[in-house]
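S.K.: After the sequence you'll find the predicted model.
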Amino acid sequence: MSVDTGMAGARVDLERGSGDNMILNMGPQHPSTHGVLRLVIELDGEEVRRCDADMGYLHRGVEKLLEVHDYRGGITLTDRMDYTSGPSNNMGYLMAIEKLMGITDEIPLRARYMRTAVAELSRLAAHHIWLGTHGLDIGAMSAFLWSLREREKILYLFEEACGARLTTSFMRVGGTGPHDVGDQWLDNVEAFLNGYTLDEIDALLTENEVFIERTRDVGLITQEQALSYGLTGPVIRGSGIAWDLRKAQPYAAYDLVDFEVPVFTEGDVYARYLVRLNEMYQSKRIIGQCVEAMRDLPLDAPSNVDLPQVVPPDIGRVPVDMEAMINHFKLVMHGVQPPPGEAYFGIENPKGELGFYVVSDGSGMPYRCHVRSPSFVNLSIIEEISVGSLIADVVAIIGSVDIVLGEVDR
Amino acid sequence: MLVPAASPTLTPEAILERIRDHAGAAYLGGRVDHGDPVAEVSPAALPDLFPALCDDRDLRLEQLVDVTAVHWPLDAGREFQVVWQFRSLTNNLFARVTARLADGASVASATATYASALYLEREVFDLFGIGFTGHPNLKRILLPEGYEGHPLRKEYPVEGPTFPEDAHRNDLVGQLDPDDFWADVDKANGA
C-alpha cells in the first residue's frame, strides 16, 4: 500500500517506509492531536526521525469573511477561532478596532475591569481544557473529569452574563456593549472563586511519578528556539523568558491589578505544565481583584464610551428623541467607521499572543483584517522538537504546546 | 532567564532612525502610527535588513511576530503590501516594516533569521500567491495541495469560484427549481 505523505518524497510505501524507516500517519482524527491536526511522522523503531504537520482541515476563511462583515458582525467570527476562550478573542478584536479609532484611553474603568475579569475567566476555562486533555493524553483520566467540572462553572458564568456559553460574542467596540452585569453576577463570580481550588488536580499530577516520568526532559525548547520560532504565551515562559504582554504592555485593567508571571527555565513539557498551573492561581487572584474593584465603583458608572459614533443610544430614548433615532439608525445601518489607517494590537491570550492587524479604508467594513493566531505560530516548533523523541512523547509535546485547531486553521 | 525591560527602551522615533540606518537608501519613509513605528523599505534591502534588525544591540528585534499582506489591486505596479511585525522581548519594543511589490513579484524570505517565518510566509504564499525567495519549503499550508487561486486577493469571490452567481439572490427564492440549481452547482464544479 502506498500513501501520499505530503512530504517532499511524495509517495512512500507504508509498510517499508523510506529505507528501513516507517511512515506513520497520525490524525487528522486522532484523539491526541487535539482536533484535526495531521502529523506525518517518519519512525525509526519508536524514534521520530522527521515530523511534518499538515493542517487546514478547519479552514473557514475567517480573514476573508471579516472583509465582508461590518465591525460588529466580525465579533461573531472571532470567538469561533479559539473556541476554548471565546470572550478573550472577542476582546482582542475589539481592542484592535479601538486602537485604530484612537479611543483606547477613553474606555471607562468599569469596562476595563469587566474585560479583565472575563478574559481571566476564559483563561481559566481554556487552561482547564488543556489540563484535562493533557492529563488524558498521558493517562490521567480523573484530572479530565475534575477539570471539566470547574470549566462548566465558568461557562455558567458566561451564560449568565451574555446568554452564550462558548461562542459568546461578548462586548462591543467602546466597552461592554449591552451586556453589563449586575451585582448578582459579581456575587456568583465571588462564590465561584471561593469554591475554586486546583488542589485536587495539583495533588493528582504535580508529584505523580508517572506524570513526571512522561513529561520531564521531554520536548525541550531552548531560549534561542523560543525566540526564533516566535513562540509566545506559556510555551515561552516555560523556556525561561519572562515575556507576558499583560505585564510588558498592559492593556484593559492589567496595570491596575496585582499579579505575578510564573516562569520556569527547564523548557520541557513539565515546565510548561507548571507555568500554566501557576498561571491559573494568578488568574484567580486577578478575577478577585477585578470583582472587588467593580463593587467599589459607583452604581451608575458607565460601561461604554460616551461617543455617539461608536455606541448606540439608550434604547428608551430612541422613539422619543430625534437625535437618538438618527444616531441609532446610522449605527445599525453603517456600524462603526474607523478612519482610514492600520493598526496592530496583540493581547495575551491563553495560548499566547493573539494579534489583530486591521486595515480600514474608512468604511464600515475592514479592508483587511489579519489574525496572528498563537496556536498557528506555536505549532511550528513541533516539527523541530519532536525529532529524536519517542512516538509516545509526541502526544505529550502536542499537549504541552496547547493548540486549538480552530485557531490554527481559521 | 531572560527578563524583559519593564518599559520600552527606545522611543518609536528612535526605532525608525535605527531602521533607517540599517536600510540606507532602501528606506522609503517612516511614521509613527497609533504609537507604533512603521517603516517602509524597498524589497531589495530585506535580505540584509532582517539579520541587522535581529542583531542590532539597541533594537534586538529577536521575534518576527507576524508576516502578512494587503492587496491593493488598483495600485498598478505595487499591488501587494507585505507587512512584517517585529518585537524585541529584551528591550520591550515593537516595530512594523512594510514593502510594496508588483503582482507576481517575489520578496526575500526571513527564514534564515527567523524560524517563525517558516509557517507565516507559507500562509501568505497560500492565501495571496506572493513568493518568498530562499524559503526552504514554500508550499500551501491551509488550503490543500492543488487548490486553484489565492482567496485573500480582492478579485477572489467570497462565495468561492464555483458558486452559482444567482444562488444568493433573494428574488429567486421560491422560484428556483432545486433540480436546476444542483445541476448548475454540479456543472460549475465540473461534475
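M.R.: Yep, it's here. Residues are numbered from 1 along each chain as shown, chains lettered A, B, ... in the order given.

S.K.: Quick check on residue B:29: phi, psi?
M.R.: As for residue B:29, its main-chain torsions (degrees, to the nearest 10) stand at phi 150, psi 160.

S.K.: The closest residue in space to it that isn't next to it in sequence bridge partners, please.
M.R.: With sequence-adjacent residues excluded and distances taken as Cβ to Cβ, 6 or more residues apart in numbering or on different chains, residue B:29 is closest to residue B:40, at 5.0 Å. To be clear about C-beta, it is placed using only N, CA and C from the backbone, and glycine gets the same treatment. Legend: beta-bridge partners of residue B:40 under DSSP bridges are residue B:29, residue B:98.

S.K.: Next, residue B:37: secondary structure please.
M.R.: Secondary structure for residue B:37, judged by DSSP: H, G, I helix; E, B strand; the rest coil, is strand.

S.K.: what stretches of chain B score poorly on pLDDT?
M.R.: B:162-176, B:191 (pLDDT under 70).

S.K.: residue ranges of the strands in it, please?
M.R.: B:27-33, B:36-41, B:63-71, B:80-88, B:93-101, B:106-108, B:131-133 (DSSP state E).

S.K.: Could you dump the ones you listed into CSV and include distance to residue A:112 and mean neighbour count?
M.R.: Output for the strands of chain B, formatted as CSV (distance: least, Cβ to Cβ, whole Å; neighbours: other Cβ atoms under 10 Å in any protein chain shown):
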stretch, distance to residue A:112, mean neighbour count
strand B:27-33, 24, 15
strand B:36-41, 21, 22
strand B:63-71, 24, 25
strand B:80-88, 24, 24
strand B:93-101, 21, 22
strand B:106-108, 40, 19
strand B:131-133, 40, 16
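
S.K.: got those as TSV, with distance to residue A:147 columns?
M.R.: What follows is these, written out as TSV (distance: least, Cβ to Cβ, whole Å):
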stretch	distance to residue A:147
strand B:27-33	42
strand B:36-41	38
strand B:63-71	31
strand B:80-88	32
strand B:93-101	35
strand B:106-108	45
strand B:131-133	41
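
S.K.: Tell me the bridge partners for the most centrally placed residue in chain B.
M.R.: For chain B, the residue nearest the mean C-alpha position is residue B:68 (1.8 Å; Cα atoms, centre = their mean). For residue B:68, the beta-bridge partners are residue B:83 (DSSP bridges).

S.K.: Can you tell me the SS state at residue A:98?
M.R.: Residue A:98 - assigned by three-state DSSP - is helix.

S.K.: can you count the residues close to it?
M.R.: 24 (other Cβ atoms under 10 Å in any protein chain shown).

S.K.: contacting residues for the nearest residue to it once chain neighbours are set aside?
M.R.: Nearest residue to residue A:98 in three dimensions, chain neighbours excluded: residue A:104, at 5.0 Å (Cβ to Cβ, 6+ apart). Shown in contact with residue A:104 (Cβ atoms under 8 Å, 6 or more residues apart in numbering or on different chains): A:95, A:98, A:251.

S.K.: Let me have those in TSV, extended by pLDDT.
M.R.: Below are those laid out as TSV (pLDDT from 0 to 100):
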residue	pLDDT
A:95	92
A:98	92
A:251	90
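
S.K.: how close does the nearest residue to residue B:72 once chain neighbours are set aside sit to residue B:147?
M.R.: Once flanking residues are discounted, residue B:72 sits nearest to residue B:79: 5.8 Å by Cβ to Cβ, 6+ apart. Distance, residue B:79 to residue B:147, by Cβ to Cβ, to the nearest Å: 21 Å.

S.K.: Look at these two and report which has more neighbours.
M.R.: residue B:79 (22 against 12).

S.K.: List the residues that contact that one.
M.R.: B:71, B:72, B:73, B:101, B:102, B:103.

S.K.: Out of these, the closest to chain A would be?
M.R.: Nearest to chain A among the contacts of residue B:79, counting by Cβ to the nearest Cβ, is residue B:71 at 7.6 Å.

S.K.: I'd assumed residue B:129 was in contact with that closest one.
M.R.: No. Look at residue B:71 against residue B:129 with Cβ atoms under 8 Å: they stay out of range, at 9.7 Å.

S.K.: joint contacts of these two?
M.R.: With Cβ under 8 Å, 6+ apart as the test, residue B:71 and residue B:129 both reach residue B:153.

S.K.: how does the chain divide up, domain by domain?
M.R.: If you meant another chain, say so; for now it's chain A. A:2-54, A:62-409 (automatic domain parsing).

S.K.: You answered for a different chain; I wanted chain B.
M.R.: According to automatic domain parsing, the domains of chain B span B:12-148, B:157-191.

S.K.: neighbours of the residue in chain B that chain A sits nearest to, just the number please.
M.R.: Of all residues in chain B, the one sitting closest to chain A is residue B:116 (2.9 Å; Cβ to the nearest Cβ). Neighbourhood size, residue B:116 [other Cβ under 10 Å]: 26.

S.K.: Fine by me, we can end here.
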